[in-house]
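[1] Provided below for reference: sequence and predicted model.
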Amino acid sequence: MTQPCSGGRIEVICGCMYSGKTEELIRRMRQVKIARQPCRIFTPRLDTRYSANAVASHIGSRLEAVPTSSIGEVLAQADDIQVVAIDELHFLVDEPQHIVDGCQSLANRGLRVIVAGLDQNYRAEPFPAISQLMAVAEQVDKLYAICVRCGSYATRSQRLIDGRPAPANAPTIAVGGLELYEARCRNCYEPAR
Ligand code: ADP
Ligand code: ZN
């Protein structure tokens, strides 16, 4: 369970696409704002699907956010705040270790650090930065979507090109929504080849 901020901590919100990661990040940050804790939300510049200056969930909840590309930009804008949130962590351009070190240093300085991101890419391989953060975090929440094929819990993001699984050698990052990705369970997920 989420605790009120009482010192440095890292919270990881992970899961596949459409699992509600951004909604959960927005829910926590609304509470932070109600508590009047100084805070800032960062959203990677790469993710311009909805708005450059906001985090927005697939069903339309939104909160103002600072567009950023790297963890360095987050660190440079964290001196005056108690709570920092980073949405879509997988879109940051830095080396994974650099992202982990940055989040650790913020938490060690006493900040509450909330990160949301995909735990696996479209090949169902773990994203390194979020995996490492899961290991060192105080709190990890793995969320699930609903499999579009069978209705059970979905844990995988299926990337489709003309209705077929994207090839394994496609770029790891491709920004898209329902036209490109489906939530699928382990059984219905078709591996990239
Ligand atoms: P994420 O950040 O994990 O991609 P969002 O918080 O942006 O997820 O959006 C979650 C919302 O997406 C859900 O509340 C639901 O309205 C919508 N949605 C669309 N497709 C699905 C699906 N297959 N399973 C669950 N929710 C879905
Ligand atoms: Zn399924």
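    Yep, that arrived. Residues are numbered from 1 along each chain as shown. Ligands and ions are numbered 1, 2, ... in the order given.
[2] can we go C-alpha only for contacts and neighbour counts from here?
    Noted.
[3] what secondary structure does the residue nearest the centre of the chain sit in?
    Per CA atoms, centre = their mean, the C-alpha nearest to the average position across the chain is that of residue 117, at 1.9 Å. Classification of residue 117 using DSSP: H, G, I helix; E, B strand; the rest coil returns strand.
[4] Test my guess that it contacts residue 126.
    No. Using CA atoms under 8 Å, residue 117 is not in contact with residue 126, being 11.1 Å away.
[5] Just give me how far the stretch of helix or strand residue 67 belongs to sits from the chain centre.
    Residue 67 belongs to strand 66-68 when assigned by DSSP states H and E. The chain centre lies 14 Å from the centre of strand 66-68; the measure is CA atoms, centre = their mean, to the nearest Å.
[6] Note down every partner strand of it and its orientation.
    strand 39-44 (parallel) (DSSP bridges).
[7] mind exporting the strand it pairs with as PDB, just the C-alpha atoms?
    The C-alpha atoms that make up strand 39-44 are tabulated as PDB, following Å, rounded to 0.1, in the frame of the first residue of the first chain:
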ATOM      1  CA  CYS A  39       6.300  17.800  -6.400                       C
ATOM      2  CA  ARG A  40       7.000  17.600 -10.100                       C
ATOM      3  CA  ILE A  41       5.900  15.100 -12.700                       C
ATOM      4  CA  PHE A  42       8.200  14.300 -15.700                       C
ATOM      5  CA  THR A  43       7.100  12.800 -19.000                       C
ATOM      6  CA  PRO A  44       9.500  11.700 -21.700                       C
END
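[8] got the contact list for that strand?
    32-33, 52-55, 64-70, 74, 78, 81-89, 91-92 (CA atoms under 8 Å, 6 or more residues apart in numbering).
[9] got it, and stretch 127-145?
    2, 9-21, 89-90, 96-97, 99-100, 117-121, 153-155, 183-184.
[10] where exactly do the helices run in this protein?
    21-34, 71-76, 96-108, 128-136 (DSSP state H).
[11] What sits closest to the residue nearest to the centre of the chain if chain neighbours are left out?
    Residue nearest to residue 117 in three dimensions, not counting chain neighbours: residue 88, with 4.4 Å by CA to CA, 6 or more residues apart in numbering.
[12] OK, contacts around the one you found?
    Here residue 88 is in contact with 43-44, 47, 115-118 (CA under 8 Å, 6+ apart).
[13] partners of the helix or strand of the chain with the lowest mean pLDDT in the sheet?
    Scoring the helices and strands of the chain by mean pLDDT, DSSP states H and E places strand 54-56 at the bottom, with a mean of 88. The pairing partners recorded for strand 54-56 under DSSP bridges are strand 62-64 (antiparallel).
[14] before we move on, back to that, next one: the least confident helix or strand of the chain to chain centre, how far?
    With CA atoms, centre = their mean, you get 12 Å for strand 54-56.
[15] And for it, what's in contact with it?
    22-23, 26, 41, 43, 50, 62-67, 87.
[16] Would you list the buried entries among the residues you listed?
    Listed as buried from the contacts of strand 54-56 are 22-23, 26, 41, 43, 62-67, 87; burial here means 16 or more other CA atoms under 10 Å.
[17] No more questions from me, cheers.
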